[in-house]
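Q: Sequence and predicted model, in that order:
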Amino acid sequence: MIFNTSSILIVNDVEEKSKEIISSLPLHSTRLIAPEDYENFLITQAKLALKEAYISVATTKYIILCAARFSTDAQNALLKVLEEPPKNIIFIILTNSKTTILPTIFSRLQTHYLIKKELIEPCSLDIANLSLDSLYEFVKQNQRISKLELKKLIESMMINVKNDNIKLSKDQLDAFSRAIQLCDLNSRPNTILTTLLLNLMDK
């Protein structure tokens, strides 16, 4: 993709896509600004972006801003520089959803939707015949997965429930929603999975 102007990219995986874009741009004139976990872009990152934007350059410099979510404070701090970037500065914003971007910014930058629909397969866990042993092994195998992988795993567990015609109570259905919410709060995978599976065992 060629970037002639500042843009917003809506992508599946922010970290993976940022690496792909960086590899396609001149290394010496590309700057990546993102939180360590690529989750919440805060005022700290916004200040770094502003500082970088006002370092004058003779050729085009790309400043890549990446996160699943951008705080309102961070966006307000960047609003002016995004509307009127210094000479030779091009911003590239990567995020998972347009809803994280303020309308004032969204309306001023080009937006490219690069999200690919993914086919989610059922997981290997036999939810219909859960035991404490199988629960323990499953949690142990998945205790170090990323947040994105964990969300996909929870979705695949829901597919298992549907495919196996398992009838769940309202509380058990709510447990899936809570599990996704806890992913967004960066709770540990083993805690999320253990809580969810113990809830499912009580069928």
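A: Alright, I've got the coordinates. Everything numeric here is computed off the predicted structure, so don't read it as measured data.
Q: Tell me how this protein divides into domains.
A: Listed domain ranges for the chain are 7-113, 127-201 (source: automatic domain parsing).
Q: Tabulate the ones you listed in JSON lines, adding columns for mean pLDDT.
A: Below are the domains of the chain laid out as JSON lines (pLDDT from 0 to 100):
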{"stretch": "domain 7-113", "mean pLDDT": "94"}
{"stretch": "domain 127-201", "mean pLDDT": "89"}
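Q: leaving aside the residues next to it on the chain, what's closest to M157?
A: C123 (5.4 Å; C-beta to C-beta, 6 or more residues apart in numbering). C-beta here means a position set from N, CA and C on the backbone, and glycine is covered the same way.
Q: That neighbour is in contact with S156, isn't it?
A: Yes - counting by C-beta atoms under 8 Å, C123 touches S156, with 4.0 Å between them.
Q: more crowded one of those two?
A: It is C123, of C123 and S156, that has more neighbours when counted by other C-beta atoms under 10 Å, with 18 against 15.
Q: Nearest the middle, which residue of the protein would you pick?
A: The structure's the chain has its C-alpha centroid closest to A68; by C-alpha atoms, centre = their mean the separation is 3.8 Å.
Q: so it touches N40, yeah?
A: Yes - in terms of C-beta under 8 Å, A68 counts as a neighbour of N40; the distance is 7.4 Å.
Q: how about the residue nearest to M157, what does it touch?
A: L153, S156, M157, I159, N160 (C-beta atoms under 8 Å, 6 or more residues apart in numbering).
Q: Return the residues in contact with the second one.
A: In this structure, S156 makes contact with I120, E121, P122, C123, judged by C-beta under 8 Å, 6+ apart.
Q: what does the last one give?
A: Residues touching N160, when contacts are defined by C-beta under 8 Å, 6+ apart, comprise P122, C123, L125, I127, I166.
Q: Let me know the closest of the residues you listed to I89.
A: The closest of those to I89 turns out to be C123 (C-beta to C-beta; 44.8 Å).
Q: What segments of this structure are strands?
A: Counting by DSSP state E, the chain has these strands, from start to end: 7-10, 30-33, 40-41, 61-66, 69-70, 89-95, 110-113.
Q: for the last one, packing partners?
A: It refers to strand 110-113. For strand 110-113, the contact count by 3 or more C-beta pairs under 8 Å, 6 or more residues apart in numbering; DSSP states H and E identifies strand 7-10 as packing neighbours.
Q: And the second one, by the same measure?
A: The helices and strands touching strand 30-33, judged by 3+ C-beta pairs under 8 Å, 6+ apart, are helix 14-24, helix 43-53, strand 61-66.
Q: tell me the angle of the shortest one relative to helix 43-53?
A: Comparing the axes of strand 61-66 and helix 43-53 via axes from the mean of the first three to the mean of the last three C-alpha atoms, to 10 degrees yields an angle of 170 degrees.
Q: Tell me the buried residues in the helix ranked longest in the chain?
A: Determined from DSSP state H, the single longest helix within the chain is helix 147-163. Buried residues in helix 147-163, counted by 16 or more other C-beta atoms under 10 Å: K147, L148, L150, K151, K152, L153, I154, M157, M158, N160, V161.
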